[in-house]
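Chemist: sequence? don't have it. structure:
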């Protein structure tokens, strides 16, 4: 990505411009998006390499130092069992962000597939959109609870407790959050289908698959990218909600939502217990939303350059 | 002289009328009670959960119950039958209860001895899956001698004949209402089980399972002017911390039950001055129940049944090592503070039954546990987990969702890691875990895990029925619809023999010896690992009067005497 940036910037002088170069230039002008990007990547790097640098085991209960405030030895303090909060927030971030990214990918794949099929093939439109309506009408949280109750043991047996729950949570968040993407994509495809270049492609006998991949997909990239960023935020929040309810991952497996849940009881004694994981969730979600906002502006050719 | 008489008379009359006014039933409006484990049924014969038993104790009553000091007091009976007053036969094989005259059910019909007889047969029906069957142990027949006299005959001398109909676990239900609900039909009678007609101070107006019960004062309650509250809302759900907060900090509720939360938090809440924390030590013990049978999901129908012994929990060395690795004083400090004591017995109270033989568990011994496992042939693998013949010491440890229990899980997991045992933690919503729902795989009776942690207690002061929980016949299995209290699936003929022997022993010291022997059998085989002797902690609003925390019976035992301070 950065290579492209370098070359496009040089190319700019030579009056040669690429799509992504233009997008990047526009994106850089969006202050919120830039701050969001910096914050998000800082968090990503922190949780990715943090546990290597901050080597305290997040699960180790050092009972002699429980309920401590912020100090040099424990920058974020310790919890009621003497577990280091910084280590837990870093470790928890790995899970929360992994859940966010993976669930987003699933939702995006499903949403785009269904949206494009519904928009392009008239005979699939009705059934697929009713399916979308059906999913939209389902109450998410009760559904999640039922699915977790039904499949937790099976998946636990197949993949072990942590991976099993991870797959389950990612899967259910993914399959219950593709609907918005599907609707947006369908709308865009419907509009694009009647445009001249598509008609031209059809008239020379281009097969549907090729029309979709070659002509339609690049033009609906903008809404897809935006819903991708929003999807990450939704997935992190849904996982937090599940952990907050005491479901989801095992109790000794830190995620941001779980840390927040455990901390609420101590909110008056040790506010830092909820501030740090709460801040991490808020910052991630906010920064990702800003990135999405910036991307939408940058990818829209009618706004670009203004 | 005359004048003074008149004045005194008027004054007296005025005084009388004001007291009569003040004593009017339902004068204090509504009272809110929160049990963070919601009640799912109001029939204690079909549920072992304390929350269900306590909730139903406001509606249906036994013949006698225990007061806050552990003494028996008559409720529906005129007095407690004893050998001295002739109520208990000289050969100790029968007990005769006399019912109070004029007691009516909430629907206005009279309570008769036939209702008591019906209740006994209801519970003793072999197809009924009665949860309180152990209370009826040794009962040969229950018969009505006349409308107000019931004679319970035992199959042998019964030195402690106060099992049936004493305490909130065995209340009298109305024969007319439950007539069609005997045997296999018992769990299907939703209307009856959710809204029993009782003799207690309150009647059910609306029952929402696992949520809220609305109750109203029983207009036919036998004591005039009671209860003081016209309505009672019994809210369930949430967790211990929010329940404590709702009484001690926000004042939304008047009484909160079982506040198992970190001691420092509770102290902070009480400092707000709205409510008071109550505590008392009964026989409540937080314990780990080891599953002696194989919980593997591959076994299908025979999962967690005696058909398949556990691959490694059946080795006593493993169980002993699990117990030795635990630092109990630390658990008390972290989880309970003053509301807990270290115990090495599953029966620590009343004091006469407390075994002195197991004190060794008070000190953590990681090195000893490691040595024990080495000796038993469990070799430490490269992944830090011990194994023998391809069987890895990897356990699933389940409990209900509760902050203190999750802290215990985390600490105990760490200690077990130090002795080379891998632990996976699982927590289940308390309403499900203790709910007894046949269709749920997560109930504590099914025990689809290697071990589980919870607390249990018994009502009253006599441990016979409680110790009877670990008889072979009490093992939960699909055959008895997963009912029964023997969670470890412990089965030892010698233990069963002791139960029988205790059933025939009258002398209190001899009974204590037997109870201690039974306790020691369970402790020394490490079938049950006791952790903490817990005090019952509850909270009441400062405006609520008449609350007496009872550790020997339902906490709502004297709800008829509760009133609002002016």
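Modeler: Done, it's in. Keep in mind that this is a model prediction, so the values were computed, not measured. Residues are numbered from 1 along each chain as shown, chains lettered A, B, ... in the order given.

Chemist: alpha carbons only for contacts and neighbour counts from here, please
Modeler: Will do.

Chemist: Could you list the single helix or strand in the chain with the lowest mean pLDDT?
Modeler: Going with chain A. Lowest mean confidence among the helices and strands of chain A (mean pLDDT, DSSP states H and E): helix A:2-13, at a mean of 50.

Chemist: who in the stretch 301-450 of chain B is up against chain A?
Modeler: Within reach of chain A by Cα under 8 Å from any Cα of the partner chain, the stretch 301-450 of chain B has these residues: B:334, B:401, B:403, B:406-407, B:410-411, B:414, B:424-427, B:429.

Chemist: For PyMOL, write the select line for the buried members of those.
Modeler: Entered in PyMOL, the line below selects the buried ones among these, by 16 or more other Cα atoms under 10 Å in any protein chain shown:
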select buried, chain B and resi 334+401+403+406+407+410+411+414+424+425+426+427+429
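
Chemist: contacting residues around stretch B:541-549?
Modeler: Stretch B:541-549 is contacted by residues B:68, B:247-248, B:251, B:253-255, B:274-276, B:278-280, B:538, B:540, B:555, B:558-559, B:561-566 when judged by Cα atoms under 8 Å, 6 or more residues apart in numbering or on different chains.

Chemist: So for it, what gets flagged as buried?
Modeler: For stretch B:541-549, the neighbour count (16+ other Cα under 10 Å) marks B:541-542, B:544, B:547-549 as buried.

Chemist: related to what we said a few turns ago, restricted to helices, list the contacts of stretch B:541-549.
Modeler: Mapping the contacts of stretch B:541-549 onto helices (DSSP state H) picks out B:247-248.

Chemist: rewinding a little: from the chain's centroid, how far away is the helix or strand following the least confident helix or strand of chain A?
Modeler: Reading on from helix A:2-13 to the C-terminus, the next helix or strand found by DSSP states H and E is helix A:19-28. How far helix A:19-28 lies from its chain's middle: 22 Å, per Cα atoms, centre = their mean, to the nearest Å.

Chemist: re earlier: restricted to strands, list the contacts of stretch B:541-549.
Modeler: Judged by DSSP state E, strands contain the following of the contacts of stretch B:541-549: B:255, B:275-276, B:278-280, B:538, B:540, B:563-564.

Chemist: Can you select the buried ones among the contacts of stretch B:541-549 for me in PyMOL?
Modeler: Only the buried members of the contacts of stretch B:541-549 enter the following PyMOL selection, criterion being 16+ other Cα under 10 Å:
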select buried, chain B and resi 68+247+248+251+253+254+255+274+275+276+278+279+280+538+540+555+558+559+561+562+563+564
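
Chemist: and the stretch 151-300 of chain A, which residues reach chain B?
Modeler: Near chain B, when you scan the stretch 151-300 of chain A using Cα under 8 Å from any Cα, you find A:161, A:246, A:250-252, A:262, A:265-266, A:269.

Chemist: what's the helix or strand containing residue B:98 in contact with?
Modeler: Secondary structure from DSSP H and E places residue B:98 in strand B:94-98. Residues outside strand B:94-98 that contact it (Cα under 8 Å, 6+ apart) are B:77-81, B:87-89, B:148-154, B:157-158, B:161.

Chemist: I'd like the mean pLDDT over that strand, please.
Modeler: Averaging pLDDT along strand B:94-98 yields 93.

Chemist: could you point out which element follows it?
Modeler: As assigned by DSSP H and E, the chain's next helix or strand after strand B:94-98 is helix B:113-124.

Chemist: which helices and strands does that following helix pack with?
Modeler: strand B:139-146, strand B:149-154, helix B:175-178 (3 or more Cα pairs under 8 Å, 6 or more residues apart in numbering or on different chains; DSSP states H and E).

Chemist: who wins for proximity to residue A:103 among these?
Modeler: Minimum separation from residue A:103 across the helices and strands packed on helix B:113-124 (Cα to Cα) falls at helix B:175-178, 52.1 Å.

Chemist: Can you list the neighbours in contact with the helix or strand following that closest one?
Modeler: Following helix B:175-178 in sequence order, the next helix or strand is helix B:190-194 (DSSP H and E). The contact list for helix B:190-194 (Cα under 8 Å, 6+ apart) reads B:41-43, B:177-178, B:187, B:207, B:209.

Chemist: Report the buried members of these.
Modeler: Buried among these (16+ other Cα under 10 Å): B:41-43, B:177-178, B:187, B:207.

Chemist: Give me the residues contacting the helix or strand encompassing residue A:225.
Modeler: Under the criterion of DSSP H and E, residue A:225 resides in helix A:221-244. Contacts to helix A:221-244, defined as Cα under 8 Å, 6+ apart, come from residues A:96-97, A:99-101, A:103-105, A:107-108, A:112, A:169, A:173-174, A:177, A:180-181, A:184-185, A:248-249, A:255-258, A:260-261, A:281, A:284-286, A:288-289, A:291-293, A:295-296, A:299-300.

Chemist: Mind listing what's buried along it?
Modeler: Buried residues in helix A:221-244, counted by 16+ other Cα under 10 Å: A:221-244.

Chemist: after the helix or strand of chain B with the lowest mean pLDDT comes which helix or strand?
Modeler: For chain B, the helix or strand with the lowest mean confidence is helix B:2-22, at a mean of 48 (criterion: mean pLDDT, DSSP H and E). Heading C-terminal from helix B:2-22, the first helix or strand you meet, by DSSP H and E, is strand B:30-35.

Chemist: helices or strands next to that following strand in the packing?
Modeler: When contacts are defined as 3+ Cα pairs under 8 Å, 6+ apart, strand B:30-35 sits against strand B:231-236, strand B:255-256.

Chemist: for the record, mean pLDDT for stretch B:492-506?
Modeler: 88.

Chemist: For that stretch, list every residue counted as buried.
Modeler: Quick answer for stretch B:492-506 (16+ other Cα under 10 Å): B:495-496, B:498-499, B:502-505.

Chemist: Point me to the residue of the stretch 101-250 of chain A nearest chain B.
Modeler: Of all residues in the stretch 101-250 of chain A, the one sitting closest to chain B is residue A:250 (5.7 Å; Cα to the nearest Cα).

Chemist: That residue is in contact with residue B:410, isn't it?
Modeler: No - with contacts counted by Cα atoms under 8 Å, residue A:250 stays clear of residue B:410, the gap being 10.5 Å.

Chemist: Tell me where the model's unsure across the stretch 301-450 of chain B.
Modeler: Along the stretch 301-450 of chain B, no part satisfies pLDDT under 70.

Chemist: low-scoring pLDDT stretches of chain A, where are they?
Modeler: Applying pLDDT under 70 to chain A picks out residues A:1-16, A:244-247, A:301-306.

Chemist: Select the longest helix from it.
Modeler: helix A:85-120.

Chemist: show me what contacts the residue of the stretch 1-150 of chain B found nearest chain A?
Modeler: As assessed by Cα to the nearest Cα, chain A sits closest to residue B:36 within the stretch 1-150 of chain B, at 14.6 Å. By Cα under 8 Å, 6+ apart, the contact set of residue B:36 is B:235-240, B:243, B:256-257.
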